[in-house]
Each structure stands twice: as C-alpha cells, then as structure tokens.
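> kindly generate the corresponding structure for this input.
(one chain, ligands or ions: 1)
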Amino acid sequence: MEKILFLAHVEPGGSLGKAALEALAAAGLPGGELTVGLVGPGAAAAANRIAGSRAVRFLVVEGEAFAQSRYASDAAAAEALARAAGASLIVAAHTSRWARALPGVAARLHGRIDTHVTHIAEVNGVPLVTRWFYRQRMEGVLTRSERPWFVLLEAGCGPAWSGAPGSAEVESLAVPAASRTTVVGRRAPQAGEQTIRPDAGLLFVAGAGWTKKQADGTAHPRQAEQLILDFLRASRASLGGSKSLVDQGGEGQAVLTCMSHLNQIGQTGSTPRHPKGLATCCHGEEPHVVGWRFITERRAVNLDPNCGWARGKADILYVADAFQVMEHVNRLLCAGT
Ligand SMILES: Cc1cc2nc3c(=O)[nH]c(=O)nc-3n(C[C@H](O)[C@H](O)[C@H](O)COP(=O)(O)OP(=O)(O)OC[C@H]3O[C@@H](n4cnc5c(N)ncnc54)[C@H](O)[C@@H]3O)c2cc1C
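Numbering: from 1, shown residues only. Take a look at the predicted model:
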C-alpha cells in the first residue's frame, strides 16, 4: 500500500489555497494511506479545516520562519514531513514555491519527482500520473518504481476537495529553519495592478491589433488600454497577450502598460486552464493558439474573417471591431446586465 503524503503550505489566516485543495482531492487514492503535511503559521487551524478528508495523520511544521517562500526552510520542512510520514508518494500543488523546493528534497531522499502532472490515478494499487510533453502536444501516462516519488499537480485540472471541518489530531514537528537567506521584502514584476488571475473563469487575450492603426489611420493604444482595464475590473477576467503585443515594448512601439511578458500565452508563453477564453485583435496563429490547449470554450473578435481563429481554432468568431465590441460589453457590464 502506498503511504501518501499530501503536502501544502498554509495561506495567511490558516487556510489552504484552491490548488492545494485540488492536490488534496487527487492525493486521496483509494488504495493508499493518506497523511497530511502542512507548513507555516496557522497549520493546525488549516488541519482542522480539512479534518474530514481521508487523512489518517496530520503532521505540521509551524512557526513564522516557515511563512516565507524560501528554498532552505521549505525544503527542510518538506524533508522532515516526508521522513516522519514514511511517505512513498508525496503529492503537492505545482505552486512556484513547491516547484522550487521539492526537486531538491527528492534528491536528498534519493527519490524521483514529476512536475506539471495533470492527473493522478490508480490501477491495481499502482499510481499512474498523466502529464503533457513537448509544449502540450503529447499526453503521456506513466508510473515509477523508485520511491519516494514526488508529484507536483498543476492547478485547475481537477475538483478541489470540499468537506466538513472538524478537529484534527495534529502532530507537530520541530524543524530547524536555519537559512542564509533573509526575506527583506517583496518586489512584484508589474508596477500596475494584478492582471494574471489563474482562478478566473475567463481568459481575456489582447493581441497586437489593439495597438495597430485603425480605420481612421491612427493607433489608439491609450483607448485600448482603458477598454481592456475597464473590462478586467468589471469581469475579474485574467489578462493574456500575444507575443507580438508583449514584445512591442522592447521595440519602442506603442504598448499597453498593463501587459508584460508574464501575460504571454502560447508556445513560448504560458498554457493557462481557464474554462473560457476570449481573444481580441489577435490573429490566432498556431504558436499562439497552442497555449489555448486547455481552454474549453473559445471565442474571438477579429476584423478579418480569414484570421486563424476562423480555421477551427475558435468555437465562435465575431467578425467585428474589438474597440466597438468591448465598449459595448463594458457598458452592459457597468449596467449590470
Ligand atoms: C518559434 C515561435 C514561437 C512563438 N511563440 C508565440 C507565443 O508563445 N505566443 C504568441 O502569441 N505568439 C507566438 N509566436 C508568434 C506568432 O506566430 C504570431 O506572430 C503572434 O501570435 C501574432 O500576434 P497577434 O495575433 O497579436 O498579431 P497580428 O498577427 O499582428 O494580428 C493582429 C490582429 O488584430 C486584428 N485587428 C486589428 N485591429 C482590430 C480591431 N479593431 N478589431 C478586431 N481585430 C483587429 C487584425 O485583423 C489581426 O488579425 C511565435 C512565433 C514563433 C516563430
């Protein structure tokens, strides 16, 4: 029987993030024995919130030193939890924090790690993981004989665990948090407001057309930016961009200041997992659309009826001026309809 450890860092206030709850749901394989391992201040409170899960043990590493995302303390906590649980399979959400710390922990424990996993199953008591290869073009299902086996599960691929809270019997581990790294502050890559929202129901993609000359012979980047930001604020959608648009800053052309390379979707960008997507002023070329692999319902607004979206890449293409469409949509959103 697999001894499974579900590993999570605790959010401020003693809660668990959505990605962690998805990993918890996936970690509860019927043939395994589940232990919960939580890291950070408020871990005991977080354990109570998931007391109704299949877990038979609740291990915690608490203390302010474990609040920060820092390789040394995160790796020390994860190693101690994996050893205490005697875990053969360790499942955690693919957060940037675990993606940084867990490969080193797997090496320390002479184990193996698979990242970007999208599904965990069990056949005859053998765990199988699914992941995509070659920029999401091929899907593979694999298992491993080496243990401990660490699995980092991508967010948004499965249901989050939900159940009644309760009173968990918590075992606290004393872990030295010695580190040469001191966190002195936080510097965000974007100066403006946060536009990347992995949990949003809609991905709104802006293409280079927003900054191109329009029917009146001039470009309107400021108007474009305002329309996009108004829409994002009203809809709480996540903002993606085409490579052409996010590259323009480096070429000294008119740019949307709310965009950076972090927003880029596609072959050399990200592959988000929102249930719906709306592309505007974006041609829909293959290197861009490959990043839409996991977007279930796709719509696009483009002036060109022969754009890439028209060739089977979108469920619905509106052949229209995105400036006019978004102005109208924003008016409807503001009116609450
Ligand atoms: C190796 C490689 C990797 C790449 N990786 C990526 C990647 O990761 N992501 C990515 O995005 N691209 C990538 N590309 C680039 C990709 O091939 C395209 O060049 C890029 O996606 C084009 O961006 P775009 O559609 O925004 O711009 P354009 O091709 O310039 O299209 C602009 C569109 O806006 C429309 N438009 C203009 N005004 C309006 C209006 N008022 N209303 C409605 N529509 C309007 C036009 O009709 C046009 O279709 C890659 C290319 C290569 C070679």
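> now the strands for this structure?
3-9, 33-39, 57-61, 89-93, 112-123, 126-133, 138-142, 149-153, 170-172, 202-206, 238-241, 276-280, 297-302, 316-319 (DSSP state E).
> and the third one, which strands flank it?
Counting by DSSP bridges, the strands paired with strand 57-61 are strand 33-39 (parallel), strand 170-172 (parallel).
> before we move on, back to that, the strands of the chain: which one's closest to the ligand?
strand 297-302 (4.3 Å; C-beta to the nearest ligand atom). Placement of C-beta: from N, CA and C, glycine included.
> give the other helices and strands that that closest one contacts.
Counting contacts by 3 or more C-beta pairs under 8 Å, 6 or more residues apart in numbering; DSSP states H and E, strand 297-302 packs against strand 276-280, strand 316-319, helix 322-334.
> deepest-packed of these, please.
strand 276-280 (a mean of 25; mean count of other C-beta atoms under 10 Å).
> got the CA positions of that one in CSV?
Taking Å, rounded to 0.1, in the frame of the first residue of the first chain, the C-alpha atoms of strand 276-280 are listed here in CSV:
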residue,chain,number,x,y,z
LYS,A,276,-13.5,30.1,-21.2
GLY,A,277,-11.3,32.4,-23.4
LEU,A,278,-12.0,35.5,-25.5
ALA,A,279,-9.3,36.6,-27.9
THR,A,280,-9.4,40.2,-29.3
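> tell me the domain boundaries of this structure?
3-172, 202-334 (automatic domain parsing).
> ok so, going back, I'd like the strands of the chain as TSV, with distance to the ligand and mean pLDDT appended.
Below are the strands of the chain laid out as TSV (distance: least, C-beta to the nearest ligand atom, whole Å; pLDDT from 0 to 100):
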stretch	distance to the ligand	mean pLDDT
strand 3-9	30	98
strand 33-39	34	98
strand 57-61	38	98
strand 89-93	24	98
strand 112-123	17	97
strand 126-133	15	95
strand 138-142	18	95
strand 149-153	22	98
strand 170-172	45	98
strand 202-206	8	98
strand 238-241	7	96
strand 276-280	6	98
strand 297-302	4	98
strand 316-319	9	98
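> Throw the ones you listed into TSV and include distance to E327, thanks.
As requested, these are arranged in TSV below (distance: least, C-beta to C-beta, whole Å):
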stretch	distance to E327
strand 3-9	42
strand 33-39	47
strand 57-61	52
strand 89-93	39
strand 112-123	38
strand 126-133	38
strand 138-142	40
strand 149-153	40
strand 170-172	54
strand 202-206	15
strand 238-241	18
strand 276-280	12
strand 297-302	12
strand 316-319	14
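> just to revisit the earlier point, can you add distance to R187 and give the domains of the chain back as TSV?
As requested, the domains of the chain are exported to TSV (distance: least, C-beta to C-beta, whole Å):
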stretch	distance to R187
domain 3-172	13
domain 202-334	14
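> for stretch 43-55, which positions count as buried?
Going by neighbour count (16 or more other C-beta atoms under 10 Å), the buried part of stretch 43-55 is 43-47, 49-51, 53-55.
> ignoring the adjacent residues along the chain, who's closest to L29?
Nearest residue to L29, sequence neighbours excluded (C-beta to C-beta, 6 or more residues apart in numbering): E122, at 4.5 Å.
> and the one you found, how far from T115?
Separation of E122 from T115 (C-beta to C-beta, to the nearest Å) stands at 20 Å.
> and for A92?
10 Å.
> N302 too?
For N302, the distance to T115 - C-beta to C-beta - is 35 Å.
> if you count surrounding residues, which of these two has more?
Neighbours per residue (other C-beta atoms under 10 Å) separate N302 from T115, with N302 holding more: 25 against 15.
> who's that one bridged to?
V319.
> what residues are up against it?
Taking C-beta atoms under 8 Å, 6 or more residues apart in numbering as the contact definition, N302 lies against 209, 279-284, 309-310, 317-320, 322.
> ditto for D304
Contacts of D304 (C-beta under 8 Å, 6+ apart): 283, 310, 319.
> show the backbone phi and psi for it.
phi -100, psi 110 (degrees, to the nearest 10).
> pretty sure L24 contacts W161?
Yes: contact criterion C-beta atoms under 8 Å: L24 and W161 qualify, at 4.2 Å.
> what number of residues lie near E297?
13.
> around the nearest residue to W132 once chain neighbours are set aside, how many other residues sit close by?
Once flanking residues are discounted, W132 sits nearest to E139: 5.4 Å by C-beta to C-beta, 6+ apart. Using other C-beta under 10 Å, E139 has 12 neighbouring residues.
> repeat that for P275.
P275: 13 neighbours (other C-beta under 10 Å).
> would you mind measuring from the residue nearest to it when sequence neighbours are not counted to the ligand?
Among residues not flanking P275 along the chain, T296 sits closest, at 5.1 Å (C-beta to C-beta, 6+ apart). Shown here: T296 relative to the ligand, a distance of 19 Å by C-beta to the nearest ligand atom, to the nearest Å.
> from memory T296 sits against D315, does it?
No: applying C-beta under 8 Å as the test, T296 and D315 come out as separate, 9.2 Å apart.
> beta-bridge partners for the residue nearest to L29, please?
Taking DSSP bridges as the rule, E122 bridges to P127.
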